[in-house]
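Chemist: here is my input; please provide its structure:
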Amino acid sequence: MSELARAIWRKSSNSINGECVEMAPLTNVVAVRDSKDPGGPVLMVSPRQWRLFVHATAAGTIGDR
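Modeler: Numbering: from 1, shown residues only. Below is the predicted model of the structure:
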């Protein structure tokens, strides 16, 4: 069984109506998927990219460039 198949998916406690992304920390990457489509595509990003995304989201700076 692949690591992705054993992934433990998490979503924000601030999720409204379940419309958000879910993440699963894996060995060397963070997997991200649409919570409404758990069987759909999965985006894999580095842990650093994930941290930058989370910090930018919290700071409200996404889309300011």
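
Chemist: quick one: the strands in the protein, in order.
Modeler: Assigned by DSSP state E, the chain shows strands spanning 10-11, 21-25, 30-34, 43-45.

Chemist: now these as TSV including mean pLDDT and distance to Glu3?
Modeler: C-beta coordinates here come from the backbone N, C-alpha and C atoms, glycine included. Converted to TSV, the strands of the chain look like this (pLDDT from 0 to 100; distance: least, CB to CB, whole Å):
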stretch	mean pLDDT	distance to Glu3
strand 10-11	90	16
strand 21-25	94	9
strand 30-34	95	9
strand 43-45	96	11
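
Chemist: in the chain, which spans are helices?
Modeler: 47-59 (DSSP state H).

Chemist: flag the shaky bits of it, pLDDT-wise.
Modeler: For the chain, applying pLDDT under 70 flags the ranges 1, 18, 63-65.

Chemist: go with 80
Modeler: 1, 12-19, 62-65 (pLDDT under 80).

Chemist: picking that back up, for Leu4, find the nearest of the strands of the chain.
Modeler: strand 30-34 (6.2 Å; CB to CB).

Chemist: neighbouring strands for that closest one, and are they parallel or not?
Modeler: Sheet pairing of strand 30-34 (DSSP bridges) gives strand 21-25 (antiparallel), strand 43-45 (antiparallel).

Chemist: any chance of those in TSV with distance to Leu52 and mean neighbour count as columns?
Modeler: TSV is the format used below for these (distance: least, CB to CB, whole Å; neighbours: other CB atoms under 10 Å):
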stretch	distance to Leu52	mean neighbour count
strand 21-25	14	17
strand 43-45	9	14
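
Chemist: re the thing from before, out of the strands of the chain, which gets nearest to Ser2?
Modeler: Of the strands of the chain, nearest to Ser2 by CB to CB is strand 30-34, at 10.9 Å.

Chemist: what's the angle from that closest one to helix 47-59?
Modeler: In terms of direction (axes from the mean of the first three to the mean of the last three CA atoms, to 10 degrees), strand 30-34 departs from helix 47-59 by 50 degrees.
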